[in-house]
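> my questions concern the predicted model and sequence given below.
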Amino acid sequence: MAFRTLDDAELQGRRALVRVDFNVPMADGRVTDDTRLRAALPTIEKLRKGGAKVVLLAHFDRPKGKRVPEMSLKPVVEPLSKLLGAPVAFADDCSGEAAKAAVDALPAGGVLLLENVRYEAGEEKNEPEFAKALAANGDLYVNDAFSAAHRAHASTEGLARLMPAYAGEQMRRELEALDMALGKPERPVMGIVGGAKVSTKLDLLNNLVGRLQYLAIGGGMANTFQYAQGYDVGGSLCEKDMADTAREILKKAEAAGCRIILPVDVVVAEDLKPGAASEVVKLSKDTPLGEARKIFDAGPETVAEILGAMRQSKTLIWNGPLGVFEVQPFDKATVQAAQEAARLARSGELVAVAGGGDTVAALNAAGVVDDFTFVSTAGGAFLEWMEGKELPGVAALSQ
């Protein structure tokens, strides 16, 4: 996808409206995780060095068009200022006279954070008049919030139609990594998809089986596929009403030349709790698990098969854990697969791209986030991109 970057922009003396993702975790009015603030720093610094006024637009939580004091962005100012090593001004509105006065007072290279755009009903409705009100305080638009790019809101899509629009540095990294994983990947391409339910990832599975050479399915989703093929899954999480759909996906994969990897052995226990008594069981159509036993992880033979396919691949895209990684000992399959993907990525043998909330948490638990080629912190946007859907915020940058 062709999109303009800040390398193409004239910055000196211009007002840059920058959409960032500052929807950060907070407790007692304080930011508890500054990951998203750090992600915005390269774009802010590039604009500052170029002599632009940096005017930051962001949302926090869901105030639904009303001013909710607990959902103000003001608590972000201090930690952002510390990270930048420079003052950050704040305006208690995102448009109108208060915003205009704050922008006018900002020196070249200065940074200003405007109040929560979702305080205005026009934001989520993508109302043209609200987009124009935002645009009045800028000369160019920069989108650095891939995680909000699946929303056609005024600050993510409407603004890009009204002024020269550019991808920020974090957005650029995200789009380049995603293009490397599914747009123009080096083949063979492997996917790992986990999660609880097939029903929540139907679009994803249907898109991937036509584009991958290998697809490993884990988590509760795998139980549904095994049940659809006549295996007993005991008392495990399983969407039995999705059996026909699972069989259709398997047929589609076979026709497309995509090899589906499902568990051949599993880790079962009667209770999901840390240190629970567990055992590895080979799945069999003749030997029932029994209702008391539940599948919580993939077994060692399955992991070996997944790692074998990974070593045959040149590109890996990962969304969702292989088991209940939050509870030991049911984290082994996810950790072992993550560590091998990280090793292959470090050695240059594999382009490894991952994303989605549970996935990032799982890779953090395995201690390998920094070793992957790229890890997206976006949730819904990453999933919709994997599903093959057009993201309005990205499409607006390309036109």
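Nice, I can see it.
> ok, which stretches of the stretch 151-300 of the chain are helices?
Applying DSSP state H, counting those that start in this stretch to the stretch 151-300 of the chain gives helices spanning 169-178, 202-208, 219-228, 243-256, 300-312.
> so which of these comes closest to residue 120?
helix 169-178 (23.0 Å; C-beta to C-beta). Heads up, the C-betas are built off the backbone N, CA and C, glycines and all.
> list the buried residues of the closest one.
Under the neighbour-count criterion of 16 or more other C-beta atoms under 10 Å, helix 169-178 has 169-175, 177-178 buried.
> stretch 286-305 too?
Judged by neighbour count using 16+ other C-beta under 10 Å, the buried positions of stretch 286-305 are 289, 293-299, 302-303, 305.
> residues near residue 346, how many?
For residue 346, the count of nearby residues is 15 (other C-beta atoms under 10 Å).
> from the buried residues of helix 169-178, which is closest to residue 396?
Nearest to residue 396, judged by C-beta to C-beta, of the buried residues of helix 169-178 is residue 171 at 11.5 Å.
> can you tell me which residues contact that closest one?
Residue 171 is in contact with 143-146, 149, 397, counting by C-beta atoms under 8 Å, 6 or more residues apart in numbering.
> so for this structure, the centremost residue is which one?
Most central in the chain under C-alpha atoms, centre = their mean is residue 378, positioned 2.5 Å from the mean C-alpha point.
> and the residue lying closest to that residue once chain neighbours are set aside, how far from residue 227?
Sequence neighbours aside, residue 147 is the residue nearest to residue 378 in space, at 3.7 Å (criterion: C-beta to C-beta, 6 or more residues apart in numbering). Counting by C-beta to C-beta, to the nearest Å, the gap from residue 147 to residue 227 is 34 Å.
> more neighbours: which of the two?
Set residue 147 next to residue 227 and count neighbours by other C-beta under 10 Å: residue 147 wins out with 24 against 18.
> next up, phi/psi of the more buried one, please.
Here is the backbone geometry of residue 147 (degrees, to the nearest 10): phi -60, psi -20.
> give me the pLDDT for the residue of the chain most remote from its centre.
Ranked by distance from the centre of the chain (C-alpha atoms, centre = their mean), the top residue is residue 286, with 40.3 Å. For residue 286, the model assigns a pLDDT of 85.
> tell me how many other residues surround the residue lying closest to residue 75 once chain neighbours are set aside.
Nearest residue to residue 75 in three dimensions, chain neighbours excluded: residue 29, at 5.2 Å (C-beta to C-beta, 6+ apart). Residue 29 is flanked by 10 other residues according to other C-beta under 10 Å.
> repeat that for residue 12.
So residue 12, with other C-beta under 10 Å, has 9 neighbours.
> and if you look at residue 114?
Under the criterion other C-beta under 10 Å, the count of neighbours that residue 114 has is 26.
> show me what it bridges to in the sheet.
residue 91 (DSSP bridges).
> tell me who's in contact with residue 16.
Residues in contact with residue 16 (C-beta under 8 Å, 6+ apart) are 47, 52-55, 138-142.
> so which two of these are the farthest from each other?
Farthest-apart pair in the contacts of residue 16 is 53 and 141; separation 13.3 Å (C-beta to C-beta).
> buried set for the helix or strand hosting residue 338?
Using DSSP states H and E, residue 338 falls within helix 332-346. By neighbour count on 16+ other C-beta under 10 Å, the buried set for helix 332-346 is 332-345.
> will you turn those residues into a markdown table that also has pLDDT?
What follows is those, written out as a markdown table (pLDDT from 0 to 100):
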| residue | pLDDT |
| --- | --- |
| 332 | 96 |
| 333 | 97 |
| 334 | 97 |
| 335 | 97 |
| 336 | 98 |
| 337 | 98 |
| 338 | 97 |
| 339 | 98 |
| 340 | 98 |
| 341 | 98 |
| 342 | 98 |
| 343 | 98 |
| 344 | 98 |
| 345 | 98 |
